[in-house]
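Enquirer: The following block contains a protein sequence and its predicted model.
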Amino acid sequence: MSFNTYIQDNKKRFLDELFDLIKIPSVSAVNEHNNDIRTAADFLLNQFNKLGLDNCEICETKGHPIVYAEKIIDKDLPTVLVYGHYDVQPVDPIELWDSAPFNPVIKKTDIHPEGAIFARGSCDDKGQMFMHLKAIEVLNNNGGLPCNVKLMIEGEEEIGSDNLELFVKENKEKLDCDIIIVSDTGMINKTTPSITVGLRGLAYLEVELTGPNRDLHSGLYGGSVANPINSLAKMISSLHDENHIVTIPGFYDNVIEYSESQRQHDSNVPFDLNEFKDSLKISDVQGEISYTTNERRSIRPCLDVNGIWGGYTEEGSKTVIPSKAFAKISMRLVSNQNWKEVSKLFTDYMKNITPKGMKIKINEHHGGQPYLNSTNSKAYKAASQAYTKVFDKEPFAVKDGGSIPIIAQFEKELGVKTILMGFGLDSDAIHSPNEHFGLSNFYNGIETIANFYKLYSE
Ligand code: BES
Ligand code: MN
Ligand code: MN
């Protein structure tokens, strides 16, 4: 039987099982969902057992558990480690969802006339991670696994993977492998596959600027003391110059510069600026001078305010000069920036430009190093052939703007590279209301992964 035939014969059950997983609201950021996190981990454990894997276990951490299993068929064969995450992002703003986030439904869209699964986690990452379990099932029923496999699915990716980092450090032997494969990124469009060879790193900080010791009457005091919100706004706007270049001294010091020929080569990746603008309902784009939109969101670092607040924000008006202003600021980093170093540059600079008479406090949230891979490895070539087989097109090698902090950590601790075999689309709205994942992406993904094992082991 071919892989495709097996998938066709079992497609309904594959979907039902994925729905059962998606229905568990395993939001890692919210304590209220700790029981759901457990339920999701137990669900996976059960699935691993059903696949006939060995040493299936729930590995406790200081936070949410890691689910692990393996099948060692022959110590002389190569070993593939699969990583994914079963935790999902919070659902708010809930009122913008057209259907309940944890009640998956199939709906047709322009891009997915055959239907897409609408639910939180359908793409990021339950749908994509689950493809790996089903690919193993496909192989089990079509001649058996051609190599050894280890699976490690965590519950804290969306909150920074701190405990997984520790787990990897402490379990190097257990996790020993030849290659890591992950489906938690995207492809160019439904019929144009790509393999991700670059991920941006992340530095995320929270700033608190304090002026007077209490909120003040904005008539009695207005104009005579510095207003922390005005000051923070000014400080933040000074972080970019008129060419949208980040002004923090040293920010670009270690940024990898690509040659003209490499940039030329990367510009062959299909990208339509008008489509991009249309999809976001914006009439123009903005970013670092001298770089294309695609470059700005892949090979260049950036700085963005993710949230800003302070003072009176409730209904109506209250005349007040606030005592404090706050902002959450992220920086997406590229090789060879180091997130700890960049966080320090940011902190030092912000302290430097704090107006006299004000106090600044800066807290580091999580971070992660950028990741870069080449297209020369045996594993990359196997992945490329697997995509070509299923999509009838050779995949492009692309650098993505998002971050998966543990991938660089795998390389550092285990000395092993990761092949990012993503099947999501930008239009899937991950982290947003109405997240979805195309049915064809799901089934093609399963087939591609199954083919990867076969080609990699040959
Ligand atoms: N799967 C995403 C990352 C991603 C998506 C990379 C699409 C490339 C293409 C992952 O779950 C994610 O959301 N990562 C976070 C970082 C984390 C530390 C919260 C991100 O990129 O914001
Ligand atoms: Mn993800
Ligand atoms: Mn995510």
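Expert: It's in. Ligands and ions are numbered 1, 2, ... in the order given.

Enquirer: and the stretch 351-458 of the chain, which residues reach ligand 1?
Expert: Applying Cβ under 6 Å from any ligand atom, one finds that the stretch 351-458 of the chain approaches ligand 1 through H366, G368, D400, G402, S403, I404, P405. (C-beta placed from N, C-alpha, C; glycine too.)

Enquirer: With the stretch 201-350 of the chain instead?
Expert: So the stretch 201-350 of the chain meets ligand 1 at L202 (Cβ under 6 Å from any ligand atom).

Enquirer: Next, count neighbours for the residue of the stretch 301-450 of the chain found nearest ligand 1.
Expert: Residue of the stretch 301-450 of the chain nearest ligand 1, by Cβ to the nearest ligand atom: G402 (2.5 Å). Look at G402: counted by other Cβ atoms under 10 Å, it has 18 neighbours.

Enquirer: What separation do you get for it and S161?
Expert: Using Cβ to Cβ, to the nearest Å, G402 is found at 14 Å from S161.

Enquirer: that older thread, most neighbours of all the residues of the stretch 351-458 of the chain next to ligand 1, which one?
Expert: Highest neighbour count within those: I404, with 26 neighbours (other Cβ under 10 Å).

Enquirer: wait, doesn't it sit right on F410?
Expert: No - assessed by Cβ atoms under 8 Å, I404 is found out of contact with F410, at 9.7 Å.

Enquirer: secondary structure element for the closest residue to R296 other than its chain neighbours?
Expert: Leaving aside its sequence neighbours, R296 sits nearest to G287 (Cβ to Cβ, 6 or more residues apart in numbering; 3.8 Å). In this structure, G287 is located outside every helix and strand according to DSSP states H and E.

Enquirer: Count the neighbours of G287 for me.
Expert: Neighbours around G287, by other Cβ under 10 Å: 17.

Enquirer: got a list of what it touches?
Expert: H244, T293, R296, R297, R300, C302 (Cβ atoms under 8 Å, 6 or more residues apart in numbering).

Enquirer: Can you flag which of the residues you listed belong to helices?
Expert: The helices, defined by DSSP state H, take in T293, R296 from the contacts of G287.

Enquirer: quick revisit: closest to H33 among the residues of the stretch 351-458 of the chain next to ligand 1?
Expert: Closest approach to H33 among those (Cβ to Cβ): H366, at 18.6 Å.

Enquirer: Hmm, the closest one is touching S343, no?
Expert: No - contact criterion Cβ under 8 Å: H366 and S343 do not qualify, at 10.6 Å.

Enquirer: list the residues that contact both of these two?
Expert: By Cβ under 8 Å, 6+ apart, no residue touches both H366 and S343.

Enquirer: can you give me the helices in the stretch 301-450 of the chain?
Expert: 339-352, 378-391, 406-414, 439-457 (DSSP state H, counting those that start in this stretch).

Enquirer: Tell me which of those helices sits most buried.
Expert: Compared across the helices of the stretch 301-450 of the chain, helix 439-457 shows the largest average neighbour count, a mean of 23 (mean count of other Cβ atoms under 10 Å).

Enquirer: domains of this protein?
Expert: Annotated domains of the chain cover 3-199+370-457, 201-255+301-368 [automatic domain parsing].

Enquirer: Out of these, the one nearest V269 is which?
Expert: domain 3-199+370-457 (4.9 Å).

Enquirer: Determine how far the closest one lies from the middle of the whole chain.
Expert: 11 Å (Cα atoms, centre = their mean, to the nearest Å).

Enquirer: for ligand 2, what are the nearby residues on the protein?
Expert: D124, D125, D184 (Cβ under 5 Å from the ion).

Enquirer: could you redo the last one with a cut-off of 8 Å?
Expert: H85, D124, D125, Q128, E157, E158, D184, G402, I404, I430 (Cβ under 8 Å from the ion).

Enquirer: could the residues you listed be laid out in CSV, adding pLDDT?
Expert: Listed next are the residues of the chain next to ligand 2 as CSV, based on pLDDT from 0 to 100:
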residue, pLDDT
H85, 98
D124, 98
D125, 98
Q128, 98
E157, 97
E158, 97
D184, 98
G402, 97
I404, 98
I430, 98
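
Enquirer: From these, which land in strands?
Expert: The members of the residues of the chain next to ligand 2 that map onto strands under DSSP state E are H85.

Enquirer: that older thread, which of the domains of the chain has the highest mean neighbour count?
Expert: Ranked by mean neighbours (mean count of other Cβ under 10 Å), the domains of the chain are led by domain 3-199+370-457, with a mean of 20.

Enquirer: end-to-end on that one?
Expert: Using Cα to Cα, to the nearest Å, the end-to-end distance of domain 3-199+370-457 comes to 16 Å.

Enquirer: Pull the contacting residues for the nearest residue to K108 once chain neighbours are set aside.
Expert: The shortest distance from K108 to any non-neighbouring residue, by Cβ to Cβ, 6+ apart, is to G115 (5.5 Å). Shown in contact with G115 (Cβ under 8 Å, 6+ apart): I106, K107, K108, G438, L439.
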